[in-house]
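Q: next comes the sequence, and after it the predicted model I'd like to discuss.
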Amino acid sequence: MTLEFVPFANESDVIRIGAVEIENRLDRISITGTLELTKDQNGLALAKELQQLIKRTIQLLEAEKKLPQSVAIKPVMKVKNPFL
């Protein structure tokens, strides 16, 4: 599943690893939830999936030629629901 998830590629991709939700953004990856890595085959599979995502994220960050020291994260803007 994480093979299709390209970090920082868009503002729409969301994947799950266990009960963890990973949300793609152009300037960040948001990771929320809880992940229990149990000492079994399921835990190993989840750990490898998480490792794959982190490895890909690090590769993309290291390949960035002009990586800033930090980015300013804008607060979430609430808008009126146009469907109400």
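A: Thanks, I have the structure now. What you see is a predicted model, and the numbers here were worked out from it, not measured in a lab.

Q: kindly check the end-to-end length of stretch 5-16 for me.
A: Counting by C-alpha to C-alpha, to the nearest Å, you get 11 Å between the two ends of stretch 5-16.

Q: in the helix or strand hosting I15, what's buried?
A: Here I15, judged by DSSP states H and E, is contained in strand 14-17. Judged by neighbour count (16 or more other C-beta atoms under 10 Å), strand 14-17 contains these buried residues: I17. Yep, even glycine has a C-beta here, placed from its N, CA and C like the rest.

Q: elements contacting it?
A: Packed against strand 14-17, as judged by 3 or more C-beta pairs under 8 Å, 6 or more residues apart in numbering; DSSP states H and E, are the following elements: strand 19-24, helix 41-63.

Q: including mean pLDDT, mean neighbour count and distance to A72, could those go into JSON lines?
A: Rendered in JSON lines, the data for these read as follows (pLDDT from 0 to 100; neighbours: other C-beta atoms under 10 Å; distance: least, C-beta to C-beta, whole Å):
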{"stretch": "strand 19-24", "mean pLDDT": "94", "mean neighbour count": "16", "distance to A72": "18"}
{"stretch": "helix 41-63", "mean pLDDT": "96", "mean neighbour count": "13", "distance to A72": "17"}
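
Q: separation between I17 and P7?
A: 14 Å (C-beta to C-beta, to the nearest Å).

Q: so what sits against both of those two?
A: L53 (C-beta atoms under 8 Å, 6 or more residues apart in numbering).
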